[in-house]
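Asks: Here is my input; please provide its structure:
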Amino acid sequence: MSSKVRKKDKWGLKKWYEVYSPATFGLRKIAEIPSDSDEKVLGRTIEISLYEITQDYSQLPIKLKFQITRVKDNKAYTQFKGYMLTRDYVKSLVRRGSTKIEGIFNIYTKDNIPLRVTAMTIATHRIKTSQEKEIRKIMKKVVEGKASQLNFDEFIQEAVLGKIASEIYNACRKIYPLRKAEIVKIKMLLSPLQLIPVT
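Replies: Numbers count the residues shown, from 1 in each chain. Purely as a prediction, here's the structure:
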């Protein structure tokens, strides 16, 4: 007679971890994930909408990526990894007859954290190439200027809340009337695991 080997219940061996946003985003509980060890939780990336933290519907198009950097007592703490606006939202801003000006800038925050920031402005009508270049130059100046003044957490907070986009808008509209200015994407150029976890 052949004896059946009883399989282990893998799910039964797992425990659930509560995942929290960084302090910059209020240390809110944002997810629960299963794992059979703390080590396997470290490094995992969680992607959510800012709406899930603020309950503000206007922030649904804002997507955030957090990476787990520390685990303690079945609680997983994260650090910011990335930010982006949804494609549908960006497409909805660009209308026929307008001009989208985009700039991608590699910057360092005041505390020397490297980021790649994509900024965008939308002119109300089609504009000249020379005006595009001037607007892009101003966008770069604003983004680099804010980075030199703010530490990592402060820069991320002002970018996500639209304050940096507002400064870009006010500075660039002197060149040509704008419909909108946005920070479209922020990407860390090093792993959040290399940063001191914020708890």
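
Asks: Let me know the average pLDDT across stretch 37-48.
Replies: For stretch 37-48, mean pLDDT is 95.

Asks: Name the residues of it that are buried.
Replies: 38, 41, 44, 46, 48 (16 or more other C-beta atoms under 10 Å). Any C-beta I mention is one placed from the backbone N, CA and C, and that applies to glycine too.

Asks: Just give me the residue closest to the centre of this protein.
Replies: What sits nearest the mean C-alpha location of the chain, by C-alpha atoms, centre = their mean, is residue 83, with 1.6 Å.

Asks: Could you list everything that residue pairs with in the sheet?
Replies: Beta-bridge pairing of residue 83 under DSSP bridges involves residue 64, residue 186.

Asks: and the gap between it and residue 143?
Replies: In this view, residue 83 and residue 143 are 14 Å apart by C-beta to C-beta, to the nearest Å.

Asks: if we can go back for a sec, restricted to strands, list the buried residues of stretch 37-48.
Replies: 46, 48 (DSSP state E).

Asks: Closest one to residue 73 out of the buried residues of stretch 37-48, please.
Replies: residue 38 (9.8 Å; C-beta to C-beta).

Asks: isn't that closest one right up against residue 71?
Replies: Yes: the pair residue 38 and residue 71 passes the contact test of C-beta atoms under 8 Å, sitting 4.3 Å apart.

Asks: Could you list the low-pLDDT ranges of this protein?
Replies: Under the criterion pLDDT under 70, the flagged ranges of the chain are 1-13, 195-199.

Asks: Just the C-alpha atoms of the longest helix along it, please, in PDB.
Replies: Assignment by DSSP state H gives helix 129-149 as the longest helix of the chain. Included here for helix 129-149 are C-alpha records, laid out as PDB according to Å, rounded to 0.1, in the frame of the first residue of the first chain:
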ATOM      1  CA  THR A 129       9.800  76.200 -29.900                       C
ATOM      2  CA  SER A 130      11.600  79.100 -28.300                       C
ATOM      3  CA  GLN A 131       8.800  79.500 -25.800                       C
ATOM      4  CA  GLU A 132       8.800  75.800 -25.000                       C
ATOM      5  CA  LYS A 133      12.600  76.000 -24.300                       C
ATOM      6  CA  GLU A 134      12.100  78.900 -22.000                       C
ATOM      7  CA  ILE A 135       9.300  77.300 -20.100                       C
ATOM      8  CA  ARG A 136      11.300  74.100 -19.700                       C
ATOM      9  CA  LYS A 137      14.300  76.100 -18.400                       C
ATOM     10  CA  ILE A 138      12.000  77.700 -15.800                       C
ATOM     11  CA  MET A 139      10.600  74.300 -14.800                       C
ATOM     12  CA  LYS A 140      14.100  73.000 -14.200                       C
ATOM     13  CA  LYS A 141      15.100  76.100 -12.200                       C
ATOM     14  CA  VAL A 142      12.000  75.800  -9.900                       C
ATOM     15  CA  VAL A 143      12.500  72.000  -9.400                       C
ATOM     16  CA  GLU A 144      16.200  72.300  -8.700                       C
ATOM     17  CA  GLY A 145      15.700  75.300  -6.500                       C
ATOM     18  CA  LYS A 146      13.100  73.600  -4.300                       C
ATOM     19  CA  ALA A 147      15.300  70.500  -4.100                       C
ATOM     20  CA  SER A 148      18.200  72.600  -2.800                       C
ATOM     21  CA  GLN A 149      16.000  74.200  -0.100                       C
END
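
Asks: Many thanks, I have nothing further to ask.
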